[in-house]
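Visitor: just a sequence and a predicted model for now, questions to come.
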Amino acid sequence: MHPSRSDRTARGGHIMAKSTDQELRFHDRVDAGRRLAEHLMAYRAENPLVVALARGGVVVGEEVARALGAPLEVMVARKLGAPGQPELGVGAIAPGVRVVDERAVRALGISAKQLEWITAAETEEMERRQRRYRGDRREIEASDRTVILVDDGLATGVTARAAIHALRRQRPRRIVFAAPVCASETAERLRSEVDEVVCVAAPRHFGAVGSWYADFEQTTDDEVLKILSRSPREDRPRPAVSSPSRVDDLVEACGRLARPLESLGDLDPLMEQIGDARYVLLGEASHGTSDYYVWRARISQRLIQEKGFSFIAVEGDWPDCFQVNRYVKGRPDVGGNPQAVLRGFTRWPTWMWGNWEVVALAEWLRRHNASRPEQRRVGFYGLDVYSLWESLDAVLRYLERVDGRALEAARRAYQCFEPYGGEGEAYARARVALVPASCEQEVVAMLTELRRSVPAPGAGAREAHFAAEQNALVVRDAESYYQAMVRGGEASWNVRDRHMVDTLERIMRFHGPQARAIVWEHNTHVGDARATDMAQAGMLNVGQLVREWHAREGVVLVGFSSYHGSVIAGAEWESPMQRMRVPPGRPGSWEDVLHRTGRPRALFPLGGDEAHADAFMDVRPHRAIGVVYDPDRERGNYVPTVLPRRYDALIYLDETHALHPLPLEPRPDGEPPETFPWGM
């Protein structure tokens, strides 16, 4: 996002022109705090109290408090996100206060029970952070004081309003809201609730708070505690900073929680925890680690054999995965060679599903299905949204075989997309550039005609029709995804994860009311986004949505982690795959803590009271390696995480090994590499 030339600064009721575009952008929160303090110096003589909104506002607030010679306090306020759309705020809470946008609640059809559930969940997290930051002192003592409420930005203002209402209960003499950057309309509205609004920049074309910072890395709990420990607080008790002794206590607690993980039998505690749950989501900390695939396969095999799970759904393209599905179900027109089927994954990164680990799983599924009736065979499906052209081709091929009447609608959709040469981004750029290029009507017409067609008798024909309809839905959602991706921001992530959950829902309905699902995706999709910094960025994910929608039916989220080893990844997007080292986990990270337990492999059940002790509620970095990776610059590969809130269980493997990709061309002997882990 590029700042507009019409950007403004708001101070109280006055709007005045301010600086150049470049000057309005902040290097980081420290720079923003120093520049904000320059606009607040008039309050120095009033002996103000600076109250910073956790967490990002604390960094800004420290600079303001230092410049004004004022004590620094911290307050936690939490947005109430709509069910399934956490980035859409319908209210907020602060200590002792709830603010609700009744119009938004009515418009979204949110019931009173849903609102209470959301409030309870956010209140629990707010109180945890309040205890962590403030110790036993629950309320800020602001009576008859000038209070400067500081945040790192003002977007919708919903959390700011809740914090202001909480401060009002303390009867301060004056409340000033201050932030480095504010959405101008929000700043104007907020003026009616405080004595003054002070912003360094108040652009009318706001975008997101993070777009006004060169460095907007998430602030951690430890950083907040360190700032509070060194800031003047009117001789009040200071919260304990995360110290070596605290980390030692956490290591000891993790050691007590750990269960050995050496054989299939050691998965018994996890099987017991899963119980009758209908949804089991299995993560991975990279897309190129053999051990994660092997252990997910072991868990999946037990779930299928012992608990009757219906299918495995993965972070892969629907058309390619459906070919694997047809192979494992023994369809007569699919050959008996799984390597040939898996070489059909030609989209980069090919190694994610074109690997020997998945060959072994596919062979096992085919053997397992061989003795089962066709309607009870275990399936293998793709959840992802990337395959716009491949899905369109698949619809055309299907209709050419079964329904000439619906074929014309599919051809019109294909002709609409054809000028963009098979590139989703090219199509999206044309739409965003206001070229009249929308193919939405053609896609809807194709989907309508497809739904009118009647599948032939038989389980195989019924599933083929279901697959064609799903391909049409992929085309529809891929159009939205690529447009959001070109525009930037978190919207494309949310479009993609919502599509994956919608696809999972359709597969469950196809398999009937007793269906049970196994999902394989990266930790960033599986682990609940609300327990990470993703939520603050307005992002949701698959694990969060499945929990929200199906908690009563049973949902178990299993994360994976390792301390060091090797991995398959690319140095940049679409570059050749490489076998790379995975360096030891960062000091203080969850990987570091789990490594220090001395367990080479362990299962950590996170659902019980022991795992919800205060020490486990630390926000700590948790490594996430994608398909693009640079082991020498991996600081950005860590996600701030409250582990027991993100997962129900974690599998920790101290040393892990790179995946075994299939060669692009078949080997003469058709055999896997000598290093393949036959132990699975």
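Guide: Received it, and whenever you're ready, just let me know what you need.
Visitor: show me what whichever strand or helix holds residue 89 is packed against.
Guide: Element membership of residue 89 [criterion: DSSP states H and E] is strand 85-94. Judged by 3 or more C-beta pairs under 8 Å, 6 or more residues apart in numbering; DSSP states H and E, strand 85-94 is in contact with strand 78-82, strand 97-100, helix 102-108, helix 112-134, helix 158-168. All C-beta spots, glycine's among them, are computed from the backbone N, C-alpha and C.
Visitor: mean confidence score for that strand?
Guide: Averaged over strand 85-94, pLDDT sits at 83.
Visitor: on that earlier part again, mean pLDDT for the helices and strands packed on strand 85-94: which is lowest?
Guide: helix 102-108 - the lowest mean pLDDT of the helices and strands packed on strand 85-94, at a mean of 82.
Visitor: helix, strand or coil for residue 357?
Guide: At residue 357 the chain is in helix, as set by DSSP: H, G, I helix; E, B strand; the rest coil.
Visitor: neighbouring strands of the strand holding residue 89 in the sheet, and parallel or not?
Guide: Sheet pairing for strand 85-94, assigned by DSSP bridges, gives strand 78-82 (antiparallel), strand 97-100 (antiparallel).
Visitor: what does it rub up against?
Guide: 75-82, 98-101, 104-105, 108, 110, 115, 119, 122-123, 126, 156, 158-159, 161-163, 165-166, 490, 494, 529-530, 535, 538-540, 544 (C-beta atoms under 8 Å, 6 or more residues apart in numbering).
Visitor: next: stretch 264-278.
Guide: Residues from elsewhere that reach stretch 264-278, judged by C-beta under 8 Å, 6+ apart: 259-261, 280, 298-299, 302-303, 306-307, 508, 515-517, 550, 553-556, 558, 603, 605, 607, 648-649.
Visitor: quote the end-to-end distance of it.
Guide: This stretch, stretch 264-278, spans 21 Å end to end (C-alpha to C-alpha, to the nearest Å).
Visitor: pretty sure residue 603 contacts residue 261?
Guide: Yes: counting by C-beta atoms under 8 Å, residue 603 does reach residue 261; the two are 4.8 Å apart.
Visitor: mutual contacts of the two, please.
Guide: Any residue near both residue 603 and residue 261 by C-beta under 8 Å, 6+ apart counts here, and that gives 267, 651.
Visitor: show me where the stretch 301-450 of the chain has its helices.
Guide: Along the stretch 301-450 of the chain, counting by DSSP state H, counting those that start in this stretch, helices occupy 318-328, 338-342, 356-370, 388-402, 404-417, 424-432, 440-452.
Visitor: which residues are in contact with the second one?
Guide: Right, the one you point to is helix 338-342. With C-beta under 8 Å, 6+ apart, helix 338-342 has contacts from 323-324, 327, 334-335, 353-355, 358-359, 362-363, 366, 662, 666, 670.
Visitor: what is the burial count for the residue lying closest to residue 525 once chain neighbours are set aside?
Guide: Excluding the flanking residues, the one nearest residue 525 by C-beta to C-beta, 6 or more residues apart in numbering is residue 542, at 4.6 Å. When neighbours are counted by other C-beta atoms under 10 Å, residue 542 registers 29.
Visitor: contacts only, for residue 542.
Guide: Residue 542 neighbours (C-beta under 8 Å, 6+ apart): 281, 383, 497, 500-501, 504, 519, 521, 525-526.
Visitor: which of the residues you listed fall in helices?
Guide: Assigned to helices by DSSP state H, the following of the contacts of residue 542 qualify: 497, 500-501, 504, 525-526.
Visitor: can you select the buried ones from the residues you listed in ChimeraX?
Guide: This is the ChimeraX syntax for the buried subset of those, where burial follows 16 or more other C-beta atoms under 10 Å:
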select :497,500,501,504,525,526
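Visitor: between the ones in helices among the contacts of residue 542, which sits nearest residue 633?
Guide: Comparing these against residue 633 with C-beta to C-beta places residue 525 closest, at 23.4 Å.
Visitor: measure the closest one to residue 541 for me?
Guide: 5 Å (C-beta to C-beta, to the nearest Å).
Visitor: between those two, what contacts are shared?
Guide: Counting by C-beta under 8 Å, 6+ apart, the residues touching both residue 525 and residue 541 are residue 497.
Visitor: for the longest helix along the chain, the averaged confidence score.
Guide: For the chain, the helix reaching the highest residue count under DSSP H is reported as helix 459-487. Taken as a whole, helix 459-487 has a mean pLDDT of 79.
Visitor: for it, which residues meet the burial criterion?
Guide: Within helix 459-487, the residues scored as buried using 16+ other C-beta under 10 Å are 460, 463-486.
Visitor: where does the stretch 151-300 of the chain have low pLDDT?
Guide: Applying pLDDT under 70 to the stretch 151-300 of the chain flags residues 232-245.
Visitor: strands of that one, start to end?
Guide: Ranges of strands within the stretch 151-300 of the chain are 174-181, 196-201, 259-260, 279-282, based on DSSP state E, counting those that start in this stretch.
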